[in-house]
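# Attaching a predicted model along with its sequence, questions to come.
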Amino acid sequence: MEPLPVAIVCVLIATTIGITAYAKRRNVDTGDHYVAGRRLSAWQNGLALAGDQISAASFLGITGAVALTGMTGFLLGIGLSTAFLLIVLLVAEPLRNLGRFTLADAVATRFDGRGLRGAIAVTTLVISTVFMVVQFVGSGLVASALLHIDFAVAVVILGGLMTLYTVVGGMVGATYIQIFKTSLLLVMVLTLFVVVISRTGWNPLGPMKEAAAQMGDDVMRVDRSDSTVSWNFISLNMGLVLGMMGMPHIMVRFLTVRDGRAARSSAQGAMWIFAVFFLLLPIFGFAAANEVGRDAITAANPAGNSAATALAQAVGGDVLFALVAGVVIATVLAVLAGLAIAASGAAAHDLYTNVLKRGEVDERRQLQVSRLAGVGIAVVAIVLALGAKDLNVAFLANVAFSIAAATTMPVVVLSIYWKGFNRIGATWGIVGGLTLSLVLVVLGPDVMGKGDAIWPLSIPAIVTIPFAFALCWLGSRVARGNPDAQGMPWEEFSARAFPSRTRGDGDRFSRDGVAAATPERTTSSP
């Protein structure tokens, strides 16, 4: 082990452990553990939201995809800014006004029923686990290269740290760590950007021009040589743009702020932060292809996940390599903590407390189950990550977005905006969307291989999203005469979701009106 990389990693990890220890004093009940007591300000939550998307999957996966496939690789992340614009316009405020601890809580405000809550909880666990595998693969590769340890050992160590953050610090600790790592990552990315363009005459587009000169102009074009690539592009971006509104660890973040106005503001801030970040990734990808070479990148990792760290070493030596790798590890740990909170909330609050025990669980017991669930979920994600080492992490991330787009997203959006929606339609949509998504991903080329694939597209969102909406509509039509499936009266529900439309004091009603069903504190910022 080289002393400099080890020192940087140890300092960063020690800092995050210290943050977790500090947060432990504020993580005293279920409200703190799941949603940070709803005390976060807009700027705090905005940095945390941005950090959830500026992850290892984004930085490592998209940089590697661009390095190996040219501009086609940038398609993996081009739709995220649009996704947050939709979040601001459609779901940020009503979700904050409706939810308590989990995504299922928001839907349950309108539709009561253990079956629907259980289906949403299981879907949350699937999406969160897939996304956790993404982070474990990316961080494991970086840690093994940085510290010269085995990939499996690196993943287990990182899993232990993530579990510590989750169990001890809860959402308070996860948020503090997320803010810390987002600030670090932005500094690191800008530093790498300055070093890269200094080698091309301070021309920000210099790496692209060099790549075109060395490898031909085709690297600057999106590959549309066959119809499968074009359909994959459409399907991938449908999953990204619409799936963001169903990603549990993103949506739960809107439950941590004080009111609906803060929810909107935090989404807007996050949108601008990662819009700038994602615009830099093609520059890094082409620079890696130029400075490191595609053959060397592929030799290190067939999916290209090592391109970003290899670029840092090529242009900045061991110092920049150690800084980039250390920050990437901190990035992954922060994202993992947020994912684990969302997943453990689904397991403990939704499945255990509300489905199995019918709400008859005291707060202390629920908190214990949540912490145990966090440990179990971490173990499952670690085991899956050990078998996914050679898959591109950006692809895996997009699978998670695609599943969310065909399950939780339609149910959340239709629950908020369609008067004729009911519990049966919601249940059909989420169960059918999850089933078809998993089947098509398994039958696709990235799991079975291009030669053996039964389904041609890597990301099935172009089929699964309309299918899920159709099931929601069909189930609602079938059960429209069933009074037990209708849920809360539409007028009452709308008043809770959009209090500013029915009262002049908007956000105050959001706090006071929902508080009867969703207790919360409104004390000072953490």
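Now that the structure is in, tell me what you want to look at. Numbering: from 1, shown residues only.

# helices or strands next to the host helix or strand of residue 185 in the packing?
Using DSSP states H and E, the element containing residue 185 is helix 170-198. Contacts defined by 3 or more C-beta pairs under 8 Å, 6 or more residues apart in numbering; DSSP states H and E place helix 170-198 against helix 3-24, helix 30-35, helix 42-53, helix 206-215, helix 260-291, helix 307-345. C-beta coordinates here come from the backbone N, C-alpha and C atoms, glycine included.

# Low-confidence stretches in this structure?
1-2, 55-57, 75-81, 222-229, 392-394, 501-526 (pLDDT under 70).

# Report the spatially closest residue to residue 251, excluding sequence-adjacent ones.
residue 103 (5.2 Å; C-beta to C-beta, 6 or more residues apart in numbering).

# and what of residue 210?
Counting by C-beta to C-beta, 6+ apart, the residue nearest residue 210 is residue 290, at 4.9 Å.

# List the residues that contact that neighbour.
Each residue near residue 290 by C-beta atoms under 8 Å, 6 or more residues apart in numbering is listed here: 207, 210, 211, 214.

# try residue 325
5, 8, 9, 142, 143, 145, 146, 309, 312.

# ditto for residue 292
67, 307, 310, 311, 314.

# What's the separation between it and residue 309?
Distance of residue 292 to residue 309, given as C-beta to C-beta, to the nearest Å: 10 Å.

# What of residue 351?
On the measure of C-beta to C-beta, residue 351 and residue 309 end up 38 Å apart.

# Comparing those two, which residue is more hemmed in?
Set residue 351 next to residue 309 and count neighbours by other C-beta atoms under 10 Å: residue 309 wins out with 27 against 23.

# In this structure that one contacts residue 326, no?
No - Residue 309 lies out of contact with residue 326 (C-beta atoms under 8 Å); the separation is 10.3 Å.

# Now the common contact residues for those two.
With C-beta under 8 Å, 6+ apart as the test, residue 309 and residue 326 both reach residue 146.

# still on that earlier bit, quick check, nearest of the contacts of residue 292 to residue 47?
For the contacts of residue 292, the minimum distance to residue 47 (C-beta to C-beta) is 25.6 Å, reached by residue 311.

# which ones are touching that closest one?
Contacts of residue 311 by C-beta under 8 Å, 6+ apart are 63, 192, 196, 284, 287, 288, 291, 292.

# That one - nearest residue in space that isn't next to it in sequence?
Nearest one to residue 311, counting by C-beta to C-beta, 6+ apart, is residue 288 at 4.1 Å.

# now do residue 448
residue 454 (6.9 Å).

# buried stuff in stretch 433-447?
433, 434, 436, 437, 438, 440, 441, 443, 444, 445, 446 (16 or more other C-beta atoms under 10 Å).

# which residues are contacting that stretch?
Residues contacting stretch 433-447 (C-beta under 8 Å, 6+ apart): 119, 122-123, 126, 391, 395, 399, 402-403, 406-407, 410, 448, 453-458, 460, 463-465, 467-468, 471.

# buried subset of the residues you listed?
Here the buried ones among these, as counted with 16+ other C-beta under 10 Å, turn out to be 119, 122-123, 126, 391, 395, 399, 402-403, 406-407, 410, 453, 455-458, 460, 463-465, 467-468, 471.

# among the residues you listed, which are in helices?
119, 122-123, 126, 395, 399, 402-403, 410, 463-465, 467-468, 471 (DSSP state H).

# what about the spatially closest residue to residue 26 that is not a sequence neighbour, neighbour count?
Leaving aside its sequence neighbours, residue 26 sits nearest to residue 172 (C-beta to C-beta, 6+ apart; 4.8 Å). A count of nearby residues for residue 172, using other C-beta under 10 Å, gives 27.

# So residue 172 versus residue 165, what's the distance?
Distance from residue 172 to residue 165, counting by C-beta to C-beta: 10 Å.

# need the contacts of residue 325 in JSON lines with distance to residue 34, can you?
What follows is the contacts of residue 325, written out as JSON lines (distance: C-beta to C-beta, whole Å):
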{"residue": "5", "distance to residue 34": "35"}
{"residue": "8", "distance to residue 34": "32"}
{"residue": "9", "distance to residue 34": "30"}
{"residue": "142", "distance to residue 34": "30"}
{"residue": "143", "distance to residue 34": "29"}
{"residue": "145", "distance to residue 34": "35"}
{"residue": "146", "distance to residue 34": "33"}
{"residue": "309", "distance to residue 34": "34"}
{"residue": "312", "distance to residue 34": "36"}
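
# Can you tell me which of these lies closest to residue 280?
residue 312 (13.4 Å).

# got a list of what that closest one touches?
192, 320, 321, 323, 324, 325 are the contacts of residue 312 under C-beta under 8 Å, 6+ apart.

# Report the separation between the fifth one and residue 149.
Between residue 324 and residue 149 the computed distance is 18 Å (C-beta to C-beta).

# quick one, which of the two is more surrounded?
Neighbours per residue (other C-beta under 10 Å) separate residue 324 from residue 149, with residue 324 holding more: 26 against 14.

# The more buried one and residue 391, how far apart?
22 Å.

# before we move on, what about residue 215?
Residue 215 sits 25 Å away from residue 391, taking C-beta to C-beta as the criterion.

# give me every residue that touches residue 17.
Counting by C-beta under 8 Å, 6+ apart, the residues that residue 17 touches are 161, 164.

# Going along the chain, name the helices of the stretch 401-526 of the chain.
Assigned by DSSP state H, counting those that start in this stretch, the helices in the stretch 401-526 of the chain fall at 408-417, 423-443, 445-448, 461-478, 490-497, 499-502, 506-515.

# Out of these, flag the one nearest residue 52.
helix 408-417 (15.7 Å).

# Contacts only, for the residue nearest to residue 311.
Counted by C-beta under 8 Å, 6+ apart, residue 288 has contacts 63, 64, 66, 67, 297, 307, 308, 310, 311, 314.

# so the first one makes contact with residue 310?
No - between residue 63 and residue 310 no contact is recorded; they are 9.8 Å apart, counting by C-beta under 8 Å.

# Could you check which of those two is surrounded by more residues?
residue 63 (32 against 24).

# which non-adjacent residue is nearest the more buried one?
residue 308 (4.3 Å).
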